[in-house]
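Visitor: Turn this into a structure:
(chains A and B)
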Amino acid sequence: MAINLDSKIPSGPIESKWKNHKFNMKLVNPANKRKHSVIVVGTGLAGASAAASLGELGYKVKAFCVHESPRRAHSVAAQGGINAAKNYQNDGDSVYRLFYDTVKGGDFRAREANVHRLAEVSTAIIDTCVAQGVPFAREYGGLLSNRSFGGAQVSRTFYARGQTGQQLLLGAYSAMMRQVDLGQVELRTRREMLDLVIVDGKARGVSMRNLLTGEIESYEADAVVIATGGYSNVFYLSTNAMACAVTAAWKAHKKGALFANPCYTQIHPTCIPVHGENQSKLTLMSESLRNDGRVWVPKNKNDKRPPQDIPEGERDYYLERVYPSFGNLAPRDVASRQAKFRCDEGFGVGEGHAVYLDFKDAIQRYGEDKIAERYGNLFQMYDKITGENPYKMPMKIYPAPHYTMGGLWVDYNLMSTIPGLFVAGEANFSDHGANRLGASALMQGLADGYFVLPYTIGDYIANTKLEKVTTDNTAFKETKNEVETGINKLMNIKGNRTVESLHKELGRVMWDKCGMSRTREGLQEAAQKIAKIKQEFWNNVRIPGEVNYLNPELEKAGRVADFIELGELMCKDALEREESCGGHFREEHQENGEAKRNDDKFCHVAAWEWNGDNKPQTRHVEELKFENVKLATRSYK
Amino acid sequence: MSENKINLTLKVWRQKGQKDDGQFKEYHANDISTDASFLEMLDAVNEELISKGDDPIAFDHDCREGICGSCGFMIDGNAHGPQKSTTVCQLHMRHFKNGDSVTLEPWRASSFPVIKDLMVDRTAFDRIIRSGGYISVNTGNAQDGNALPIPKQDADEAFNAATCIGCGACVASCKNASAALFTSAKISHLGLLPQGQVEKDKRALRMVEQMDAEGFGACTSTGTCSASCPKDISLINIAKMNKDFLKASLTKKPEAHAGDGV
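Guide: As a prediction, this is how the structure comes out:
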């Protein structure tokens, strides 16, 4: 298949690309909008905001989520905040600076035009959320408060204590429920997308499993939006929720949508360390804590004294030492790597895989009340999980998989390589390059849903001849058959291994060999191990229960099957990218422990094409051009 | 985090579906790390059930950080278990003793029908939000975020009400299965903010009407809801809702129709 990875970046200077593009896009008149329908899969920040905005415009929207309620999507768990170039603090922020910080933060592996648009619409997101009643933190004068996040030297992060994601999601959710009330959005919950339906080369529908009845249902529309989040659960232990999966995106990939930069995964520096074999997930401690917390390890190896007994002079505040200008607010990839280096060298605390995040100085400076006001819920969460009081003892933290920058390839209009299939939020690959800055995921999810898709989907519909399609069409029946066959195949394996045990095994390989640092040998070894896990899975997995009934094990099995295939591709992508950039750290390519890019050979997006089961995928390339932010070695020193 | 292992006996409500009869069954959870969460303990029990070819215990869960509101069931008669301000996913086994016997039941309320075992259908909450739990503003209409200063105290109070996670513990703990705490938290969150004033009356009327239509019981102010709430949503919200509802009922104006006043 000849693939043309045309990013469709509008011409003109970077500041006016989006403005001009908005004017040049075709419109659908209000009377015609009601004749068109859009499917939105996933109702987190990106999906709910897209469904709400498209409904407001007058399109017929069909929204789906795997949860019992859209309010439970994992965006709800985002803690720290959302960036916007408001410059309310008069500290020199601007759209251009947010654009610059994000391109640099992504280690020059994102598309400039997309990032600039993101920075442009960031301010309108805050206005929209305030209008919806999102209760952001405020100062005594009644105005909005800000805090700092990693990779920036300005305070541009808006927040709602440690529950910013929850409050933004409830805002988008209520906007969508208003459209449900008005009859513009049809909402179906406890549905999992198990395939994409393509008619005449265009995305025209989806196959959904009703998780309560097991029935495979078909839905048709003029365009499909996938907003189903990221794939960190490929590592088994991650900060993602249990149901987070790559399945919807992966099924679209297998139907022809290219998957870009799968090896770009973000390992978040501040998570509660692993405690034992029973552990099912990891919990993040927000990056915002690094505003007031200082990261350190003892200067002496294997120092077993309790932290309060280690005098100042014998502590290594390594982030402040190595990165004096950004200090504890170094970006995530950098901070994670430094924590790993310290622990690998034997300076780790606790069981050896942890560093301290200490609030003693901040508590002395501001008092416990002020710290509680800023991070109360996070401190409480830490206390519940570990049984230790972080007001008295420094937190013990260690990096953990958190976010995935890779995802389905999309052009400037957020359309994948399948016409009519749009991808939003974490599920696409577009805006964060090889490393995402803190407080930028919420921004991107809402930017895509509120301010990009409502325009670009209209343009697609206005420019495309869309024949009437119903679910009686053979393409829908064939897809449904394929899905049912796939489910029966899984159920009929009737082996001896639980899904969970195989997922754990995959996760361990991915974490060891394709995690925070990667080597050629390690990745090759991982490929062999994953092939074995795949074989074991398809020959020996055991799924109890019935097909036509609620069956959480069957749901998990389908997701793990897709994670196994994705894991293979991640290792392949990491192996081919012979450089280090952002979260992708190849030990062979480094300079004094910092990532060493190879701009001559790898200043591009790698997008993979599915060629069928057990066949190697084809690597396609989209060259990246940096016309505004000069390609340079990223330095936070 | 010093790891200890404990053994528990579980009495779990098993019910195949909404129309089937349920019953308690006994299970043993052995060698459970005290650092594990309650749900991780159930995971271990389920792994064993699957290995033996038995049907695993169904329960809702997702984020396991206490924020999505998916999990929740009764542990020895307490919603989310014995720890105050804690969802069941954040409840850790260090709060249990070796040899303890623990009883697990789903939320009991006719408006929350049992789906399977410990899973119930809480979509009634979505229908309550749908009937007015929002501010009617379209994307793109907003003025600058700082154009409307909001006193910090109001913003903080609105935030506190807005932290409700919609888990349903309030309904399950209430002897009347009332959804007053859930409904009032949203009415209060939006009613405390200047943006929420225009629709304040209509919101209170519609949401309360929907709450009643879903079959939730009346509030008799016993306060169990707030005491069992993992997010400490305050009882004051219910008082606010009652005030808003009463005021709106007394001052309700007929809708203006075309031709009125001509």
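Visitor: Is any residue of the top helix by length along chain B near chain A?
Guide: Secondary structure of chain B read by DSSP state H shows that its longest helix is helix B:236-251. No - with Cβ under 8 Å from any Cβ of the partner chain as the criterion, chain A is not reached by helix B:236-251; the gap is at least 13.9 Å. (Each C-beta comes from the backbone N, C-alpha and C, glycine too.)
Visitor: Tell me the helices and strands packed up against that helix.
Guide: Helices and strands touching helix B:236-251, by 3 or more Cβ pairs under 8 Å, 6 or more residues apart in numbering or on different chains; DSSP states H and E, are helix B:180-191, helix B:200-213.
Visitor: who wins for proximity to chain A among those?
Guide: Nearest of the helices and strands packed on helix B:236-251 to chain A, taken as Cβ to the nearest Cβ: helix B:180-191 at 5.2 Å.
Visitor: What residues sit buried inside that closest one?
Guide: Neighbour-count burial for helix B:180-191 flags B:Ala180, B:Leu181, B:Phe182, B:Thr183, B:Ser184, B:Ala185, B:Lys186, B:Ile187, B:Ser188, B:His189, B:Leu190, B:Gly191 (criterion: 16 or more other Cβ atoms under 10 Å in any protein chain shown).
Visitor: just those residues that are near chain A?
Guide: Applying Cβ under 8 Å from any Cβ to the buried residues of helix B:180-191, those adjacent to chain A are B:His189, B:Leu190.
Visitor: could the buried residues of helix B:180-191 be laid out in JSON lines, adding distance to B:Glu40 and pLDDT?
Guide: Formatted as JSON lines, the buried residues of helix B:180-191 follow (distance: Cβ to Cβ, whole Å; pLDDT from 0 to 100):
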{"residue": "B:Ala180", "distance to B:Glu40": "33", "pLDDT": "98"}
{"residue": "B:Leu181", "distance to B:Glu40": "29", "pLDDT": "98"}
{"residue": "B:Phe182", "distance to B:Glu40": "28", "pLDDT": "98"}
{"residue": "B:Thr183", "distance to B:Glu40": "33", "pLDDT": "98"}
{"residue": "B:Ser184", "distance to B:Glu40": "34", "pLDDT": "98"}
{"residue": "B:Ala185", "distance to B:Glu40": "29", "pLDDT": "98"}
{"residue": "B:Lys186", "distance to B:Glu40": "32", "pLDDT": "98"}
{"residue": "B:Ile187", "distance to B:Glu40": "36", "pLDDT": "98"}
{"residue": "B:Ser188", "distance to B:Glu40": "35", "pLDDT": "98"}
{"residue": "B:His189", "distance to B:Glu40": "33", "pLDDT": "98"}
{"residue": "B:Leu190", "distance to B:Glu40": "37", "pLDDT": "98"}
{"residue": "B:Gly191", "distance to B:Glu40": "39", "pLDDT": "97"}
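Visitor: which residues touch the residue in chain A that chain B sits nearest to?
Guide: Of all residues in chain A, A:Gly142 sits closest to chain B, at 3.0 Å by Cβ to the nearest Cβ. Residues in contact with A:Gly142 (Cβ atoms under 8 Å, 6 or more residues apart in numbering or on different chains) are B:Pro149, B:Ile150, B:Pro151, B:Lys152, B:Ala155.
Visitor: Contact partners for the closest residue to it other than its chain neighbours?
Guide: Leaving aside its chain neighbours, A:Gly142 sits nearest to B:Pro149 (3.0 Å; criterion: Cβ to Cβ, 6 or more residues apart in numbering or on different chains). Neighbouring residues of B:Pro149 by Cβ under 8 Å, 6+ apart: A:Arg138, A:Gly141, A:Gly142, A:Leu143.
Visitor: Which residue, other than its chain neighbours, is closest to the first one?
Guide: What it means is A:Arg138. Nearest one to A:Arg138, counting by Cβ to Cβ, 6+ apart, is B:Ala155 at 4.5 Å.
Visitor: From what I see, the one you found and A:Glu139 are in contact.
Guide: No - between B:Ala155 and A:Glu139 there is no contact under Cβ atoms under 8 Å: 9.7 Å.
Visitor: Those two: which is more packed in?
Guide: B:Ala155 (22 against 13; other Cβ atoms under 10 Å in any protein chain shown).
Visitor: helix, strand or coil for that one?
Guide: On the three-state scheme (DSSP: H, G, I helix; E, B strand; the rest coil), B:Ala155 is labelled helix.
Visitor: residue contacts, it?
Guide: Contacts of B:Ala155 (Cβ under 8 Å, 6+ apart): A:Pro135, A:Phe136, A:Ala137, A:Arg138, A:Gly142, B:Leu193.
Visitor: with the residues you listed in mind, which one is nearest to A:Asn428?
Guide: Using Cβ to Cβ, the shortest approach to A:Asn428 within the contacts of B:Ala155 belongs to A:Phe136, at 26.4 Å.
Visitor: pLDDT at the closest one, what is it?
Guide: Looking at A:Phe136, its pLDDT stands at 97.
Visitor: Equivalent analysis for the one 10 residues further on, please.
Guide: pLDDT, A:Asn146: 95.
Visitor: do the same with A:Met381
Guide: You'll see A:Met381 listed with a pLDDT of 91.
Visitor: Quickly find the element holding it.
Guide: helix A:368-386 (DSSP states H and E).
Visitor: so how far is that helix off the chain centroid?
Guide: Mean-position distance between helix A:368-386 and its chain equals 25 Å (Cα atoms, centre = their mean, to the nearest Å).
Visitor: Other residues contacting it?
Guide: Helix A:368-386 has contacts (Cβ under 8 Å, 6+ apart) with A:79, A:147, A:161-163, A:272, A:283, A:285-286, A:288-289, A:291-292, A:359, A:362-363, A:388-391, A:395-396, B:1, B:37, B:65-66, B:83, B:85-86, B:90-92.
Visitor: Any part of stretch B:210-230 near chain A?
Guide: No - if you take Cβ under 8 Å from any Cβ as the test, stretch B:210-230 misses chain A, and the best it gets is 10.2 Å.
Visitor: Can you tell me the closest non-neighbouring residue to B:Arg14?
Guide: Nearest non-adjacent residue to B:Arg14 (Cβ to Cβ, 6+ apart): B:Lys25, at 5.0 Å.
Visitor: Please name the residues that touch that neighbour.
Guide: So B:Lys25 contacts B:Lys11, B:Val12, B:Arg14 (Cβ under 8 Å, 6+ apart).
Visitor: Which pLDDT value belongs to the residue nearest to A:Arg138?
Guide: 97.
Visitor: now swap in A:Tyr375 and tell me
Guide: Confidence score, pLDDT, at A:Tyr375: 88.
Visitor: how many neighbours does it have?
Guide: 26.
Visitor: would you list the helices and strands packed on helix B:236-251 in CSV and tack on distance to A:Glu553?
Guide: Shown next, in CSV, are these (distance: least, Cβ to Cβ, whole Å):
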stretch, distance to A:Glu553
helix B:180-191, 31
helix B:200-213, 35
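Visitor: And those helices: which comes nearest A:Thr471?
Guide: Comparing the helices and strands packed on helix B:236-251 by Cβ to Cβ, helix B:200-213 comes nearest, at 31.8 Å.
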